[in-house]
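K.L.:
Here is my input; please provide its structure:
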Amino acid sequence: MNTTNSPSSDMYLDFAQFQQMRKLSRDDQSQGLKMAAQQMESLFLSMVLKSMREANAVFAEGNMLQSQEGDYYQSMYDQQLAVNIGNNGGLGLAELMVRQLSGQGHESAFRPERYTGPLQRPRTEAIPKPSGPVPANASAVDIKPESTAAAAPAAEDSQPLWQDAKEFLQYIFPHAQAAARSLGVNVRAIMAQAVLETGWGQHVMDSGSGQCSFNLFGIKADGRWDGDVTRKKTLEYRNGIAAQEQAAFRSYRSLDEAFEDYVSFLRNNDRYSGVVGSGEDAQGWGHRLQRAGYATDPHYGNKIANILESDVFQSTLHTLTKQF
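P.N.:
From the prediction side, this is the model:
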């Protein structure tokens with residue numbers, strides 16, 4: 001039986017294994033990478049064992065059985081133990097290194113945790129043109145403005161209204177353009193806010209009857225509102241402490257109605273007088289809204305700014321500005 005490649009037969013003093021690793025890297029790169037990763041894991045384990053021995057050495061002081069020769073053989077044993085552990089599954093570090101170095105670990109390079117809600121990398125290569133009316137399914141809003149700060153419970157979510165981020169941005173872009181002109185602000189600012197409030201269009205709140213509320217900006221229904229209302233749980237920040245609350249939100253019949261009310265809501269509210277007409281500074285939009293009291297989330301402005309800088313947002317808006 002040939003035991004040359006048997007993990008248990010590898011000796012830490014056997015330098016021939018490095019020659020074998022070099023040969024494997026030429027003949028079979030995947031196996032060569034795996035072997036190199038095992039060597040790295042064994043080296044790491046050896047360092048861990050050495051640190052453990054050194055930490056335990058204080059208890060061996062004065063021990064008549066302790067000697068330099070014993071320490072030498074103990075070190076040899078630890079190094080061989082590290083090799084054996086690394087070649088027989090180890091701690092999983094070798095597998096992780098193989099995945100990273102072979103390119104299998106880059107699928108999640110886009111970090112959704114920088115944004116609120118279930119951020120998704122678009123699945124389509126081209127932005128489709130809408131061929132009919134928007135479907136009527138929707139789900140819970142991620143963030144509710146005017147004293148609201150975080151996502152609604154996932155249990156209230158239904159099927160996404162738009163297939164992905166690109167399709168969502170493509171559908172709302174003309175409406176956002178009209179709203180931006182009316183408010184005197186950058187269209188990108190409004191788009192980024194809608195992304196934040198709806199989790200890239202995947203979590204628009206339900207109207208309560210299975211229909212879409214089209215509330216893309218999480219505007220609450222107070223005494224000024226005489227239209228349809230939907231009630232949802234939301235996360236509010238009070239004195240820096242987050243707590244769930246039940247709140248009423250405005251419900252609309254279409255995107256047109258939703259954007260028209262959004263414009264009216266900002267223009268007819270004195271607290272937003274310093275927000276309306278703020279010009280092309282999209283990065284400062286969320287911060288101005290936050291200071292005016294639109295949301296209680298202390299990171300509201302930063303989240304909108306992060307969305308504006310994301311690759312998905314920038315590439316899609318670049319394409320949209322050419323189409324419209």
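
K.L.:
rest of the way, CA atoms for contacts and neighbours
P.N.:
Fine.

K.L.:
Give me the number of neighbouring residues for residue 281.
P.N.:
Counted with other Cα atoms under 10 Å, the neighbours of residue 281 add up to 11.

K.L.:
swap in residue 28?
P.N.:
12.

K.L.:
From residue 40, how far out is it?
P.N.:
Note on residue 28: its distance to residue 40, by Cα to Cα, to the nearest Å, is 18 Å.

K.L.:
Just give the nearest non-adjacent residue to residue 191, would you?
P.N.:
Leaving aside its sequence neighbours, residue 191 sits nearest to residue 176 (Cα to Cα, 6 or more residues apart in numbering; 6.5 Å).

K.L.:
The one you found: which element?
P.N.:
Assigned by DSSP states H and E, residue 176 falls within helix 165-183.

K.L.:
Can you find the helix or strand of the protein with the lowest average pLDDT?
P.N.:
helix 16-27 (a mean of 68; mean pLDDT, DSSP states H and E).

K.L.:
Residue 278 is in contact with residue 184, correct?
P.N.:
Yes - shown here, residue 184 and residue 278 form a contact pair, counting by Cα atoms under 8 Å, at 6.5 Å.

K.L.:
just to revisit the earlier point, look up how far residue 208 lies from the residue nearest to residue 191.
P.N.:
Applying Cα to Cα to residue 176 and residue 208 gives a distance of 25 Å.

K.L.:
And these two? Which one has more around it.
P.N.:
It is residue 176, of residue 176 and residue 208, that has more neighbours when counted by other Cα under 10 Å, with 24 against 16.

K.L.:
who's in contact with the more buried one?
P.N.:
187, 190, 191, 259 (Cα atoms under 8 Å, 6 or more residues apart in numbering).

K.L.:
Let me have those residues in a markdown table, extended by neighbour count.
P.N.:
What follows is the contacts of residue 176, written out as a markdown table (neighbours: other Cα atoms under 10 Å):
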| residue | neighbour count |
| --- | --- |
| 187 | 22 |
| 190 | 24 |
| 191 | 27 |
| 259 | 22 |
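
K.L.:
Wait, a helix at residue 201?
P.N.:
No - Residue 201 is assigned coil when assessed by DSSP: H, G, I helix; E, B strand; the rest coil, not a helix.

K.L.:
okay, now the closest residue to it other than its chain neighbours: neighbour count?
P.N.:
In this structure, residue 201 finds its nearest non-sequential neighbour in residue 168, 5.5 Å apart by Cα to Cα, 6+ apart. Counted with other Cα under 10 Å, the neighbours of residue 168 add up to 20.

K.L.:
Tell me how far residue 168 lies from residue 316.
P.N.:
In this view, residue 168 and residue 316 are 10 Å apart by Cα to Cα.

K.L.:
go on, residue 178?
P.N.:
18 Å.

K.L.:
re the thing from before, tell me the contacts of the residue nearest to residue 201?
P.N.:
162, 200, 201.

K.L.:
just residue 188 next, same as before
P.N.:
282, 308, 317.

K.L.:
And the average pLDDT for whatever helix or strand the last one lives in is what?
P.N.:
Translated: residue 317. Using DSSP H and E, residue 317 falls within helix 311-323. What helix 311-323 shows for mean pLDDT is 89.

K.L.:
Check what contacts that helix and list those residues.
P.N.:
121, 122, 165, 166, 169, 170, 173, 188, 192, 307, 308.

K.L.:
per-residue pLDDT, residue 195?
P.N.:
For residue 195, pLDDT reads 95.

K.L.:
pretty sure it is touching residue 204, no?
P.N.:
No - using Cα under 8 Å, residue 195 is not in contact with residue 204; the gap is 10.0 Å.

K.L.:
follow-up on the earlier one: with distance to residue 323 as new columns, can the contacts of residue 188 be given to me in a markdown table?
P.N.:
What follows is the contacts of residue 188, written out as a markdown table (distance: Cα to Cα, whole Å):
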| residue | distance to residue 323 |
| --- | --- |
| 282 | 21 |
| 308 | 19 |
| 317 | 10 |
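
K.L.:
And these, which is closest to residue 93?
P.N.:
residue 308 (35.7 Å; Cα to Cα).

K.L.:
Nice, that's everything, thank you.
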